[in-house]
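J.: coordinates for the following, if possible.
(one chain, ligands or ions: 2)
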Amino acid sequence: MAKYSVENEVAVIAVDNPPMNALSHHVRKSLLKYLKEAESDEKVTSIVLCGDGRTFPVGADIKEFHKSVSKLGPTILDIVDALEKSKKPTIAAIHGNALGGGLEIALGCHYRIAMTNSKVGLPEVKLGILPGAGGTQRLPRVIGLDNAMQWIAYGGHHSAGIGASLGLIDRVVPQGGNIREHAILFAKAAVGKSLGQRRLSNISVPDAAKVESLMAKHLKEVSKKSRGALAPIVCLQVIKSSALLSYQEGLESERQGMFTLLASSQSRAQIYSFFAERQVSKWSVPGVTNYQNAVPMKVKAVGVVGLGTMGRGIAICCLRAGKITYVLEMNTKAQTAGVKYIRGYIETMRKRKQINDQQSSMMNNALIPVDNYNGLKNVDLVIEAVFESMKIKKEIFKKLEKVCKPSAILASNTSTLNIDEMASVTKRPQKVAGMHFFAPAHIMMLLENIRGEKSSPETIATIMDLGKQMRKTTVLVGNCHGFVGNRMFAYYTAESSFLLEEGAYPKQVDDVLLDYGFAMGRFQVGDLSGTDIGYKIRRERGLTHKQQPAGTPERKRGDRRYSPLDDFLYEKGRYGLKARKGWYKYEGSRTPIPDPEVRKMIDDFRKRHNINPRHISPEETLQRMIFPLVNEGFNVLDEGIAANPWDIDMIFQHGYAWPRHTGGPMYYAYTIGLPQVLKVIEERWKLAGASEPHWKPSKMLTWLVEHHGNPDINDWIKLYKERKSQPNSNL
Ligand SMILES: CCCCCCCC(=O)CC(=O)SCCNC(=O)CCNC(=O)[C@H](O)C(C)(C)COP(=O)(O)OP(=O)(O)OC[C@H]1O[C@@H](n2cnc3c(N)ncnc32)[C@H](O)[C@@H]1OP(=O)(O)O
Ligand SMILES: NC(=O)C1=CN([C@@H]2O[C@H](COP(=O)(O)OP(=O)(O)OC[C@H]3O[C@@H](n4cnc5c(N)ncnc54)[C@H](O)[C@@H]3O)[C@@H](O)[C@H]2O)C=CC1
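T.: Ligands and ions are numbered 1, 2, ... in the order given. This next block holds a predicted model:
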């Protein structure tokens, strides 16, 4: 709804649709009604449009998308048109965020004023669509093509100050000011002035002459940054129309572009992702606790043990979240290097203006290096990030048990190991949990939190709350080897090496993944993170080539197929980018170059095992990389390790840079259809047999297909659980 009042001859229309003032159908109806009322009321000389509560409208109501209500008039464009055509000056008074359709209605107004801390932007591209209410045609007319292409194709949020510097915002109201009062005064002053040039559809695009070169520049950038995504490209094409066609023709091109994008599976996947990101914070452990009833502990001070690759990044996350952060490292050199890195990073953030001087000095003061466990006696929570060895981790947990306050939570950043086993050496298993960060921890958005068998509701609530304070996408999962992400990802990695054995080379596999939309292929990622990481994990599990007793078949571990190619690579000192050689070689840059030495290693291996290499199609490559991961995803759901398919998808999007426009592995499977996925898995299972158990069709997937075909992803858990809970279910 909207509220209407007239103050001192100024009509004030305030959108009132908490929490974000989205432009739902009922809001649109009421906005147009009040606009007409203001227009016809002779006592009204000007009109202010604002948002009640937290914010100016943040856009169309995303919940209405792909539903018939979104098509019900009036549309946002009708409101934009009415605002622009109004004979009385219209002023948008922006506080909070003016995003998407929200900014588009502000662009329909003759003037825009904004609070200094407000944000503006057209982020539709992140939902796989474009600004469909004239934004692609009006924004370039105010801020120029180059800026508009940048804003719309990347969907960033920008400060009011930047908006003002580009001519989008006519006045910035300083902090503490009352936006509504300022807007009313502004509106009074605007009465009687000509509105011709204030109607953006009347003016032309300032840098229209540069359209072709700008188009080429932005197309190149978006195809690199958002590989495989349709929306940024369509956005650019539609913005181009603003420079070449009339406003009305441009609008038509916008309409066509929106039509194409809304019909694409990508927009559905991205809208799914928007809600999934918010849904994961509403965690629940059925029958035990959930986000609504568990109360988190207050965490003021955190300890980080181990200042290697992960510890440093985790310490930065803690400092950014305002925690006093004690860091402990057993190796003096690593301690010095780690502290130097953290302080250096704080300085970089200051220089980049991500933090101000005061925040920088607060963070520096809050970082406290200690040289023994007693130094951790006052912390509320410890995150251990030492070598991936159960033996070492248990020793550390025993020490922490002795020195830490009884109330302190002990968490591990292990990427694979059993949290309950670590808890078992303490007297406080209810206070033990996993907090699995992804490298680089201060950059990657994901935090995979692991609840142990005995973790208390308070412990779970605390680690989830801490993730939120760190502004991470925080997903709660159960305890098993590799948890959700690494457990599933292991099959993606394993299959990639099997593909090399059978006929592919690293670049061939990576190219298929790049085409799918990944920013990097599996082998490029392996080089970036270091081939030693996987090796150490395999060594901890006794799997590596060198650990096997004489006579062990090279391609088997127990009765399972195993590819030793990754071990050979490590044993040749090819540790990845840091060694300038891994799956690829690197000559003075980070560009991966196929290396004949790797090719020879693979060819020799094939010869030794009499493998006749065959051509593997891109389709087979993609299916072999992704479907085992999906299959394992269903096992993870079946076992309750992940509560929902979107938990898995968020883990992959934010932890493994899975392309957002596919939604994630589970949503992708839903898009192509579960029956089709199952068919391929069953065929592969027949070929591969028991030595490749990751192709054994998941019970849950099989049941869903047999009984429901391709049910809505929102119904998977409900349907399966209902059946599973029946006494004779056999599931
Ligand atoms: C047929 C189609 C015709 C199309 C016509 C063309 C019109 C267009 O051009 C299309 C559009 O406007 S698309 C929308 C563009 N706007 C956006 O993408 C902004 C979305 N919101 C945000 O980024 C954050 O909420 C924001 C940054 C604003 C705030 O973040 P916070 O972290 O503070 O809050 P959240 O937790 O994200 O949000 C709180 C609750 O509000 C819900 N919500 C947010 N934006 C919404 C929106 N635009 N529509 C519907 N619900 C929305 C959000 O889901 C959350 O709900 P709960 O989880 O239930 O609490
Ligand atoms: N590197 C990665 O990509 C990821 C690693 N992890 C996990 O994080 C943990 C740490 O991994 P990284 O940081 O990569 O290892 P790292 O080898 O870079 O650092 C480990 C640090 O722990 C220190 N350390 C070892 N024992 C210690 C002890 N008893 N007391 C204090 N410090 C000790 C070492 O001196 C070293 O500086 C592992 O459990 C790993 O599985 C989790 C996610 C990603």
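J.: flag every residue of this structure that's near ligand 1.
T.: 19-20, 22, 58-63, 65, 70, 76, 97, 99-101, 104, 123-124, 127, 131-133, 135, 262, 278 (C-beta under 6 Å from any ligand atom). Quick note: C-beta positions are derived from backbone N, CA and C, even for glycine.
J.: can you rerun that using 5 Å?
T.: 19-20, 22, 58-63, 70, 76, 97, 99-101, 123-124, 131-133, 278 (C-beta under 5 Å from any ligand atom).
J.: got the contact list for Asp702?
T.: Just to correct that, residue 702 is Thr rather than Asp. By C-beta atoms under 8 Å, 6 or more residues apart in numbering, the contact set of Thr702 is Leu678.
J.: same thing but at 10 Å, please
T.: 631, 634, 674, 678, 681-682, 696, 731 (C-beta atoms under 10 Å, 6 or more residues apart in numbering).
J.: and those residues, which are buried?
T.: The neighbour-count test (16 or more other C-beta atoms under 10 Å) applied to the contacts of Thr702 identifies 631, 634, 674, 678, 681-682, 696 as buried.
J.: for Ile342, see how far away the residue of the stretch 51-200 of the chain found nearest ligand 2 is.
T.: Proximity of the stretch 51-200 of the chain to ligand 2 (C-beta to the nearest ligand atom) peaks at Lys126, 26.4 Å away. The gap separating Lys126 from Ile342 is 31 Å, by C-beta to C-beta, to the nearest Å.
J.: okay, the two: which has more neighbours?
T.: Each of Lys126 and Ile342 has its neighbours counted (other C-beta atoms under 10 Å); Ile342 has more, 26 against 22.
J.: helix or strand right after the helix or strand where that one lies?
T.: Using DSSP states H and E, Ile342 sits in helix 332-351. On the C-terminal side of helix 332-351, the closest following helix or strand by DSSP H and E is helix 357-366.
J.: next, count neighbours for Ser412.
T.: If we define neighbours as other C-beta under 10 Å, then Ser412 has 26 of them.
J.: need the nearest residue in space to it, chain neighbours excluded.
T.: Sequence neighbours aside, Glu384 is the residue nearest to Ser412 in space, at 4.8 Å (criterion: C-beta to C-beta, 6 or more residues apart in numbering).
J.: my read: the one you found touches Val302, true?
T.: No. Counting by C-beta atoms under 10 Å, Glu384 does not reach Val302; the two are 11.5 Å apart.
J.: thinking again about what came up before, separation between the residue nearest to Ser412 and Gly375?
T.: 14 Å.
J.: who's more crowded, those two?
T.: Neighbour totals were compared for Glu384 and Gly375, and Glu384 leads with 25 against 16 (other C-beta under 10 Å).
J.: ok, now which ones touch that one?
T.: With C-beta under 10 Å, 6+ apart, Glu384 has these contacts: 303-306, 310-311, 314, 328, 392-393, 396-397, 400, 410-414, 422, 434-435.
J.: what about it, distance to Met310?
T.: 10 Å.
J.: pLDDT at Pro174, what is it?
T.: At Pro174, the model reports a pLDDT of 96.
J.: what is the burial count for it?
T.: Neighbours around Pro174, by other C-beta under 10 Å: 9.
J.: equivalent analysis for Ser40, please.
T.: 8.
J.: contact partners for it?
T.: No contacts exist for Ser40 under C-beta under 10 Å, 6+ apart.
J.: which residues are in contact with both of Glu384 and Met310?
T.: 304, 413.
J.: for the residue most central in space within the chain, give me phi and psi.
T.: By C-alpha atoms, centre = their mean, the chain has its centre lying nearest to His654, at 4.2 Å. Per-residue torsions, His654: phi -90, psi -20 (degrees, to the nearest 10).
J.: nearest spatial neighbour of it, skipping sequence neighbours?
T.: Leu446 (3.7 Å).
J.: how about Asp357?
T.: Per C-beta to C-beta, 6+ apart, closest to Asp357 is Arg350, 6.7 Å.
J.: to what extent is that neighbour buried, counted in neighbours?
T.: With other C-beta under 10 Å as criterion, Arg350 counts 18.
J.: what does the pLDDT read for it?
T.: 97.
J.: ditto for the one 3 residues further on
T.: pLDDT recorded at Lys353 is 92.
J.: could you identify the helix or strand that succeeds the one helix or strand Leu528 maps to?
T.: Per DSSP H and E: Leu528 is located in helix 522-529. The helix or strand immediately downstream of helix 522-529 is helix 531-540, counting by DSSP H and E.
J.: orientation of that next one relative to helix 522-529 in degrees?
T.: Angle of helix 531-540 versus helix 522-529, following axes from the mean of the first three to the mean of the last three C-alpha atoms, to 10 degrees, is 90 degrees.
J.: list the buried residues for helix 531-540?
T.: Buried, per 16+ other C-beta under 10 Å, within helix 531-540: 531-535, 537-540.
J.: and for stretch 500-512?
T.: 500-502, 504-510, 512.
J.: and those, which is closest to ligand 1?
T.: The nearest one, if we look at the buried residues of stretch 500-512 relative to ligand 1 and count by C-beta to the nearest ligand atom, is Val512, at 31.2 Å.
J.: thought that closest one was touching Gly521?
T.: Yes. Val512 is within contact range of Gly521, at 7.8 Å (criterion: C-beta under 10 Å).
J.: which residues do these two both contact?
T.: Met625.
J.: could you report the pLDDT at the residue lying closest to Phe652 once chain neighbours are set aside?
T.: Leaving aside its chain neighbours, Phe652 sits nearest to Trp658 (3.9 Å; criterion: C-beta to C-beta, 6+ apart). With respect to pLDDT, Trp658 scores 96.
J.: ok so, going back, which SS class is the residue of the stretch 51-200 of the chain closest to ligand 2?
T.: Three-state assignment for Lys126 (DSSP: H, G, I helix; E, B strand; the rest coil): helix.
J.: measure how buried the residue nearest to it when sequence neighbours are not counted is and give me the count.
T.: Excluding its sequence neighbours, the residue lying closest to Lys126 (C-beta to C-beta, 6+ apart) is Gly155, at 4.5 Å. For Gly155, the count of nearby residues is 21 (other C-beta under 10 Å).
J.: now do the contacts for Gly155.
T.: 99-100, 121-127, 130-131, 226, 231-232, 235.
J.: gap between it and Glu124?
T.: From Gly155 to Glu124 the distance is 7 Å (C-beta to C-beta).
J.: repeat that for Gly344.
T.: Applying C-beta to C-beta to Gly344 and Glu124 gives a distance of 37 Å.
J.: what do you get for Asp511?
T.: From Asp511 over to Glu124 (counting by C-beta to C-beta), the distance is 30 Å.
J.: need the residues of the chain near ligand 2, please.
T.: 306, 308-310, 329-331, 334, 385-388, 413-415, 439.
J.: name the residues that touch the helix holding Ile342?
T.: Taking C-beta under 10 Å, 6+ apart as the rule, helix 332-351 contacts 304, 306-309, 311-313, 315-316, 318-320, 325, 327-329, 331, 354-364, 366-371, 440, 442.
J.: quick check: angle from that helix to helix 357-366?
T.: 170 degrees.
J.: am I right that Asn449 is in a helix?
T.: No. Read with three-state DSSP, Asn449 is strand and lies in no helix.
J.: just how off-centre is the lowest-mean-pLDDT helix or strand in the chain within its chain?
T.: Lowest by mean pLDDT, DSSP states H and E among the helices and strands of the chain is helix 531-540, with a mean of 88. Mean-position distance between helix 531-540 and its chain equals 27 Å (C-alpha atoms, centre = their mean, to the nearest Å).
J.: just stretch 644-657 next, same as before
T.: Distance, centroid of stretch 644-657 to centroid of chain: 8 Å (C-alpha atoms, centre = their mean).
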